[in-house]
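1. sequence and predicted structure, then a few things I'm wondering about:
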Amino acid sequence: MTTERTPVTVRVVPADLPEVDVLLDAYLDERAATFPSAQGTYTRKRTPAAEFTPPNGVFAVAYDAAGTPLGCGGLRRIDDDGDDVRFEVKHVFVTPDGRGRGVATAVMDELERRGAELGATAIVLDTNDSLVAAGAMYRGRGYERVDPFNDNPNATAWYRRPVAPAAPDARH
C-alpha cells in the first residue's frame, strides 16, 4: 500500500457494471472476514443497483490514471425524516491498493455533491465502530452520531450530516 496521494477520477456509473460487482464483492468479502466475532455473523447484503439510479441515487467509482477502479460508494434516497430530505451513503469501499491515497475522500466528495444536486437536506449513513478509520473520516467531514434510522444488523453507529441543496443552475 502506498500513502502517496495520487490523483483519482471519480465517475458516476451504473451500479450494475461488472467493475462495480468486483468492487462490491471485495467489500462484502472483506467485511465478512473482518467482522468482529463478538457481534455475531456478518449479514451479507447488497443494495439493489436500481436504488442508485437518478433521481433517487447515484453510484460512484474512483479510478487511477490507468483506469483501474480503486474504490466506490453509493447514495440512495430513503424515507424523509420530518423536514429532512434524506439520502443514505452505502458501500463505501477502497481497495487495498487505493488506501491512504484519498480515494474515500474523493468518493465522499462526489456523493455529497450529488446528494445536494438531488435535493438532499441531510445525508445519513451507518457503519460499524470496528471500522475506526471510516468513523474518523465521517466525523471529520461533519457527520454527527444519531439514533439508529434503520435495522442494519451489521451497524453499530449511525451518522447524519446536514447539506444545503445545490442551486438549480449547479445541477447536472
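-> Here it is on my side, so go on. Numbering: from 1, shown residues only.
2. how about the helices of this protein, start to end?
-> 18-34, 103-117, 132-140 (DSSP state H).
3. you'd agree E19 is up against P69?
-> Yes: counting by Cβ atoms under 8 Å, E19 does reach P69; the two are 4.9 Å apart. Where C-beta positions appear, they are placed from N, C-alpha and C, glycine not excepted.
4. point out the most buried one among the helices of the chain.
-> helix 103-117 (a mean of 22; mean count of other Cβ atoms under 10 Å).
5. mind listing residues that contact that helix?
-> The contact list for helix 103-117 (Cβ atoms under 8 Å, 6 or more residues apart in numbering) reads 8, 10, 12, 58, 60, 62, 70-75, 87, 89, 92, 94, 123, 134, 137, 141, 161, 163-166, 170-172.
6. apply 6 Å and report the result again.
-> Helix 103-117 has contacts (Cβ atoms under 6 Å, 6 or more residues apart in numbering) with 8, 10, 58, 60, 62, 70-71, 73, 75, 87, 89, 94, 123, 163, 165-166, 171.
7. point out where the protein drops to low pLDDT.
-> Scanning the chain with the threshold set as pLDDT under 70 gives 1-5, 169-172.
8. now do the strands in it.
-> Ranges of strands within the chain are 9-12, 57-63, 69-77, 86-94, 122-127, 144-146, 157-162, based on DSSP state E.
9. now the terminal residues of stretch 95-104, how far apart.
-> Distance between the boundary residues of stretch 95-104 (Cα to Cα, to the nearest Å) amounts to 10 Å.
10. in that stretch, what's buried?
-> 95, 98-99, 101-104 (16 or more other Cβ atoms under 10 Å).
11. one more: stretch 53-60?
-> Buried residues in stretch 53-60 (16+ other Cβ under 10 Å): 57-60.
12. and the furthest pair within the residues you listed?
-> By the measure Cβ to Cβ, G57 and A60 form the most distant pair in those, at 10.5 Å.
13. which one of the strands of the chain lies closest to Y27?
-> When those are compared (using Cβ to Cβ), the closest one is strand 86-94, at 3.7 Å.
14. mind listing residues that contact that closest one?
-> Contacts of strand 86-94 (Cβ under 6 Å, 6+ apart): 23-24, 27, 47, 71-78, 80, 103-104, 111, 115, 120, 122-125.
15. R11: how many residues sit nearby?
-> 11 (other Cβ atoms under 10 Å).
16. what do you get for G40?
-> 10.
17. please name the nearest non-neighbouring residue to it.
-> P153 (7.7 Å; Cβ to Cβ, 6 or more residues apart in numbering).
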